[in-house]
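Undergrad: got a predicted model here, sequence first, then my questions.
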Amino acid sequence: MARLHRNVKEGTHLSRDRIVENAIAVADAEGLDAVTIRRLAQEHQVTGMALYRHFQDKEGLLDAIAEKLLADVTLPEINSQPWYEQMTELLSQFLAALRPHPDLAALVLTRILLSEPGLTLAERVLVLLDDAGFPTELAAEIASYALSSLVALVTTKPGVSANNPDPELRDAAIRQKKASLTSLSPVRYPNLIEAADALSCCSNEDSYYALGVDLVVAGIRGTKYLSKA
């Protein structure tokens, strides 16, 4: 009890960063629903009030988690490569930061412009789109679309289930999905049956994400509004 009182009073063993890191670990292991103020307080052996010294409420904690994910994005140095090659590298780094946290990735969707790391990322995307020749308003729309698409790529990866963070439950869900697809009528859905494995589980994550980035960048390059290459 003395230790608990010391943590709450002095806060020497309870930092904002530690709480956020622990929240991310809990979410990765058990899903976002498992992240509560009460649960984190128990993890750190303090009262809930000790956490409220760092976060006004759970929404503030979620903001901090999103900020940490965005801070983990390694921004490539600006160089002389064509804008689309730099965009490919930038979006790949964005994905690399989100890939380990499929249950948390969606948090950044509405929070990119709420923290310094997110603002820095958004600014870099807009710089590259400006180099490509897009007008400001259109560049903003494209930036939003591109980042949102990649978040969706993480949260909807075949085999990922936010409701089944447990490996056994997740594997069972994958088997059930595959069985459902392979039981379809071969006359009406031959292609779905043939693609059952790929639609049920991602066999090569690197290829999956690389393709997603390529599709986004190719879409930007192919837009009819592009004024210069």
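TA: Perfect, I can see it now.

Undergrad: on the three-state scheme, the residue lying closest to residue 75 once chain neighbours are set aside is what?
TA: Spatially, and ignoring its direct neighbours in sequence, residue 75 is nearest to residue 124 (5.9 Å; CB to CB, 6 or more residues apart in numbering). C-beta coordinates here come from the backbone N, C-alpha and C atoms, glycine included. With DSSP: H, G, I helix; E, B strand; the rest coil as the basis, residue 124 sits in helix.

Undergrad: okay, now residue 124: neighbour count?
TA: 19 (other CB atoms under 10 Å).

Undergrad: hmm, it is touching residue 91, no?
TA: No. With contact defined as CB atoms under 8 Å, residue 124 and residue 91 do not form a contacting pair (10.4 Å).

Undergrad: so where is this structure shaky, pLDDT-wise?
TA: Residue ranges of the chain with pLDDT under 70: 1-13, 48, 159-166, 224, 226-229.

Undergrad: quick check: buried residues in the longest helix along it?
TA: Longest helix in the chain, counting residues (DSSP state H): helix 136-155. The neighbour-count check on helix 136-155 (16 or more other CB atoms under 10 Å) flags 139, 142-143, 146-147, 150-151, 153-155 as buried.

Undergrad: what's the answer for stretch 201-211, then?
TA: 201-202, 209.

Undergrad: export the buried residues of helix 136-155 to TSV and tack on distance to residue 52?
TA: Shown next, in TSV, are the buried residues of helix 136-155 (distance: CB to CB, whole Å):
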residue	distance to residue 52
139	40
142	39
143	35
146	36
147	31
150	33
151	29
153	35
154	30
155	29
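
Undergrad: between those, which is nearest residue 169?
TA: Sorting those by how near they are to residue 169, with CB to CB, puts residue 155 at the top with 17.5 Å.

Undergrad: against residue 104, how distant is that closest one?
TA: Separation of residue 155 from residue 104 (CB to CB, to the nearest Å): 9 Å.

Undergrad: what's the burial count for residue 158?
TA: The burial count for residue 158: 15, using other CB under 10 Å.

Undergrad: check residue 14 too.
TA: Under the criterion other CB under 10 Å, the count of neighbours that residue 14 has is 19.

Undergrad: how near is residue 83 to residue 134?
TA: 10 Å.

Undergrad: so for the two, which sits in the more crowded spot?
TA: residue 134 (23 against 20).

Undergrad: so that one sits right up against residue 140, yeah?
TA: No. Counting by CB under 8 Å, residue 134 stays clear of residue 140, with 9.0 Å between them.
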